[in-house]
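Q: Need the 3D shape of this:
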Amino acid sequence: METEAVMQHLGLVCVSFIFTAIFGLLLGIIGYNFKRTRFIILWFVDILQTIPVLALLGIIMIFFGATFRTVVIGIVLYSLLPVVRNTIVGLEQIDPAIREAAIGMGMTKRQRLYKIEFPLAFPIIFTGLKISVITSIGIAVFGAVVGGGGLGYTINRAIMIQDGNTLFKATLALVLMSLAFDLIMGLIEKKLDYSKRRGSV
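A: A predicted model of the protein is given here:
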């Protein structure tokens, strides 16, 4: 199994994660601040996850061709839901008394969001980011169908030529990648949760 395939897969996941975080947080904040748009945003990201991955990639490929970019767009669209939902939930669960105190201090809505609300909600938001990363590792496998490369290509090729050894190694690499991301982000998640509980005492 080529090291290049593993690096391509990691590249797909990392690039997709950056865009998922940006757009997911943005949509979540919009949904939190503007109640009328919340249903539409949540409906949209929820619908995206009901579409089969290959079908979604096929639709995107019509516009962008069989490229790395097509796979990244597909992963981002498919991974938005946990980030958007956790951002809204995290911000909504903040104690109203904290908001009132911030208002009493003369903070604007934007200042309250970035200085008070977002930091307090971040442990919950981070959980959504963690879920999206783990999800994207599996989704990236389908990227081989539209020219994305990565471990998906290695697995498909191994199946076609019945190369059990390569298939096992590629599958093991995927499992180890998922476990590594889950472990690292899980440790960060626990630290954030501990800091939040300690700060509330």
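Q: Could you point out the longest helix of this structure?
A: helix 164-200 (DSSP state H).
Q: So which bits of that helix are buried?
A: 166-167, 169-171, 173-174, 177-178, 181-182, 185, 189, 192 (16 or more other CB atoms under 10 Å). C-beta here means a position set from N, CA and C on the backbone, and glycine is covered the same way.
Q: what does stretch 66-80 give?
A: In stretch 66-80, the ones that count as buried by 16+ other CB under 10 Å are 68, 70-80.
Q: so how far is it off the chain centroid?
A: Distance of stretch 66-80 from its chain centroid, counting by CA atoms, centre = their mean, to the nearest Å, is 11 Å.
Q: what does stretch 176-183 give?
A: That offset, for stretch 176-183, works out to 14 Å (CA atoms, centre = their mean).
Q: Only C-alpha atoms, please: export that stretch in PDB.
A: What follows is stretch 176-183, C-alpha atoms only, in PDB (Å, rounded to 0.1, in the frame of the first residue of the first chain):
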ATOM      1  CA  LEU A 176      -6.200   3.400  12.700                       C
ATOM      2  CA  MET A 177      -6.800   6.900  11.200                       C
ATOM      3  CA  SER A 178     -10.300   7.100  12.700                       C
ATOM      4  CA  LEU A 179      -9.100   5.800  16.100                       C
ATOM      5  CA  ALA A 180      -6.200   8.300  16.100                       C
ATOM      6  CA  PHE A 181      -8.500  11.300  15.300                       C
ATOM      7  CA  ASP A 182     -11.100  10.000  17.800                       C
ATOM      8  CA  LEU A 183      -8.500   9.600  20.600                       C
END
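Q: Output the contacting helices and strands for the longest helix of the chain.
A: helix 3-33, helix 118-139, helix 151-160 (3 or more CB pairs under 8 Å, 6 or more residues apart in numbering; DSSP states H and E).
Q: can you give me the angle the second one makes with helix 164-200?
A: For the pair helix 118-139 and helix 164-200, the angle between their directions (axes from the mean of the first three to the mean of the last three CA atoms, to 10 degrees) equals 170 degrees.
Q: chain center to helix 118-139: distance?
A: That offset, for helix 118-139, works out to 6 Å (CA atoms, centre = their mean).
Q: ok, Tyr153 to Phe142 distance?
A: 11 Å (CB to CB, to the nearest Å).
Q: correction: Leu80
A: 17 Å.
Q: Excluding covalently adjacent residues, which one is nearest to the most centrally placed residue in the chain?
A: Nearest residue to the geometric centre of the chain (CA atoms, centre = their mean): Ser132, 2.8 Å. Excluding the flanking residues, the one nearest Ser132 by CB to CB, 6 or more residues apart in numbering is Ser79, at 3.9 Å.
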